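**Q** A structural model of the following input is requested.
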Amino acid sequence: MIQKSFTGKSSQAGTRSYTAGQLGEDLALRFLTRKGYRLMERNFRIRGGEIDLIMEKDGILVFVEVKLRQGSNFGPPEEALTPVKIRRLLRAICHYRSERPQKNRRWRCDCIAIEMTKPRTAK
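**A** From the prediction side, this is the model:
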């Protein structure tokens, strides 16, 4: 797993993608909780943006985007974090922070990239 910081389909394909996304979030959550992070919220959504995981450690709020790829046909998972997706993520972070104002609270945004090499094997 890599942790990186930075300040017309069928319904069956959609279901498969959703399941892979949930699996990725579950793996990332388990990884982070083992590292001492505490889950604050999961799948915070607004119109035009989403935050997969909101964690906290040592007083720092950590907004986590999870990217999972099954195989390497389309490149590494972190390449799926495009400038458009980053803008949507930052929009959701701004909205979250405006709803829960905490003066001078430090925060950061991380991306966890997971590559599934074989069924049920994460790298």
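
**Q** Which of the helices or strands spans the closest residue to residue 63 other than its chain neighbours?
**A** Nearest residue to residue 63 in three dimensions, chain neighbours excluded: residue 109, at 4.6 Å (Cβ to Cβ, 6 or more residues apart in numbering). All C-beta atoms are positioned from the backbone trio N, CA, C, and that covers glycine. Counting by DSSP states H and E, the element that carries residue 109 is strand 107-118.

**Q** Could you list every helix and strand in contact with that strand?
**A** Here strand 107-118 touches strand 2-5, helix 11-34, strand 60-70, helix 83-99, strand 121-122, going by 3 or more Cβ pairs under 8 Å, 6 or more residues apart in numbering; DSSP states H and E.

**Q** on that earlier part again, count the residues that sit near the residue nearest to residue 63.
**A** Counted with other Cβ atoms under 10 Å, the neighbours of residue 109 add up to 18.

**Q** Surely it and residue 61 touch.
**A** No. Contact status for residue 109 versus residue 61: not in contact, 9.7 Å apart, counting by Cβ atoms under 8 Å.

**Q** wouldn't residue 57 be in contact with residue 34 here?
**A** No. Residue 57 sits out of contact with residue 34 when judged by Cβ under 8 Å, with a separation of 11.8 Å.

**Q** Comparing these two, which shows the higher neighbour count?
**A** residue 57 (12 against 8).

**Q** residues in contact with that one?
**A** By Cβ atoms under 8 Å, 6 or more residues apart in numbering, the residues touching residue 57 are 35-38.

**Q** If we use 7 Å, what do you get?
**A** 36-38 (Cβ atoms under 7 Å, 6 or more residues apart in numbering).

**Q** what would the helices and strands packed on strand 107-118 look like in a markdown table with distance to residue 53?
**A** Formatted as a markdown table, those follow (distance: least, Cβ to Cβ, whole Å):
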| stretch | distance to residue 53 |
| --- | --- |
| strand 2-5 | 12 |
| helix 11-34 | 6 |
| strand 60-70 | 4 |
| helix 83-99 | 12 |
| strand 121-122 | 16 |
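
**Q** So which of those is the most surrounded?
**A** Using mean count of other Cβ atoms under 10 Å, the stretch among the helices and strands packed on strand 107-118 with the largest mean neighbour count is strand 60-70, at a mean of 21.
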